[in-house]
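Q: pasting the structure only:
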């Protein structure tokens, strides 16, 4: 089924005085209506260039971007401006007008679009209620916290009733607690109004928290895409593994040196519990069944797609036949099982 956003063979090359820089190469994406879709990559991967191509703030060098089946590259300037009014955007640094108060910031795009002042203010008050800032209508941006500024930016983005909301590192300047509140607000907006949300980020925790699907960008290439839980459970590329490691390290979950020493040269596996397997004492039952000790080197629970998922790193007995039997036992009980190399657990 065709998505609300279809990106086909998109390439973007920037030409400088000294060289050509290929920021994106051959990107193919399909984003379904009503999704919260994450695009993640390390700094410089090309993800912000990609999001700017989605509304043609940057024109692709090659390839197409279609919104609801319409190719942006084939539109006249007037048509493109109208299409952009249905694609709102919020940024890391809020981009509020510092000389205008909150309600005037929200009214600004409406008055530019030709709305009457009375209608614009009525809509702005409705939006302030949606983002939980009804009491800040007359405040100026300098009087607001970072989270409050981003809520104003979200209200302003929603002013024109967009179908798509692009979020370019929208929580990167916020502390973890404020990030959580902004993500909860975006999820509520998505569920209540059916707006398709695309989140550009370098933070795996953001993707895990609210996104249903994710695309991983590395050095201008799309290296992996799919459901968040599938990629978290069994990433196929080193880039995906590195982002999982980075998310764990950012959360203060990096293994201690003595744990890493234990893991070197040993048979260590990473397992991820599904919501169904979380209720069974699988590891304890396995130890009882095989009568062999298993060393639990790491255990953690994290939120993935709104569901608590368990992750463990186990050191298995040295006997290879026993290792295979234990891995098969775990897989039969619905756990994702793979070698721990590549996640920073094992050098």
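A: Yes, it's here. This is a predicted model, so every value here is computed, not measured. Numbering: from 1, shown residues only.

Q: quick one: average pLDDT of stretch 19-39?
A: Mean per-residue pLDDT for stretch 19-39: 94.

Q: tell me which residues in it are buried?
A: Buried residues in stretch 19-39, counted by 16 or more other Cβ atoms under 10 Å: 23-25, 27, 29-31, 35-39. Yep, even glycine has a C-beta here, placed from its N, CA and C like the rest.

Q: Need the distance between the two termini of that stretch.
A: As for stretch 19-39, its first-to-last residue distance stands at 27 Å under the measure Cα to Cα, to the nearest Å.

Q: show me what contacts residue 287?
A: 293-294 (Cβ atoms under 8 Å, 6 or more residues apart in numbering).

Q: Doesn't it lie inside a strand?
A: No. Remark: residue 287 does not belong to a strand; assigned using DSSP: H, G, I helix; E, B strand; the rest coil, it is helix.

Q: That one and residue 318, how far apart?
A: Distance of residue 287 to residue 318, computed by Cβ to Cβ, to the nearest Å: 16 Å.

Q: Check residue 327 too.
A: Residue 327 is 14 Å from residue 318, by Cβ to Cβ.

Q: Just the helices from the stretch 1-150 of the chain, written as ranges.
A: Under the criterion DSSP state H, counting those that start in this stretch, helices of the stretch 1-150 of the chain are mapped to 47-54, 77-84, 102-112, 117-130, 146-158.

Q: got JSON lines for the ones you listed, with mean pLDDT and distance to residue 310 too?
A: JSON lines is the format used below for the helices of the stretch 1-150 of the chain (pLDDT from 0 to 100; distance: least, Cβ to Cβ, whole Å):
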{"stretch": "helix 47-54", "mean pLDDT": "92", "distance to residue 310": "29"}
{"stretch": "helix 77-84", "mean pLDDT": "89", "distance to residue 310": "43"}
{"stretch": "helix 102-112", "mean pLDDT": "91", "distance to residue 310": "42"}
{"stretch": "helix 117-130", "mean pLDDT": "92", "distance to residue 310": "35"}
{"stretch": "helix 146-158", "mean pLDDT": "93", "distance to residue 310": "30"}
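
Q: among those, which is nearest residue 2?
A: helix 47-54 (15.6 Å; Cβ to Cβ).

Q: The closest one packs against which elements?
A: strand 5-15, strand 20-31, strand 36-40, strand 164-168, strand 196-201 (3 or more Cβ pairs under 8 Å, 6 or more residues apart in numbering; DSSP states H and E).
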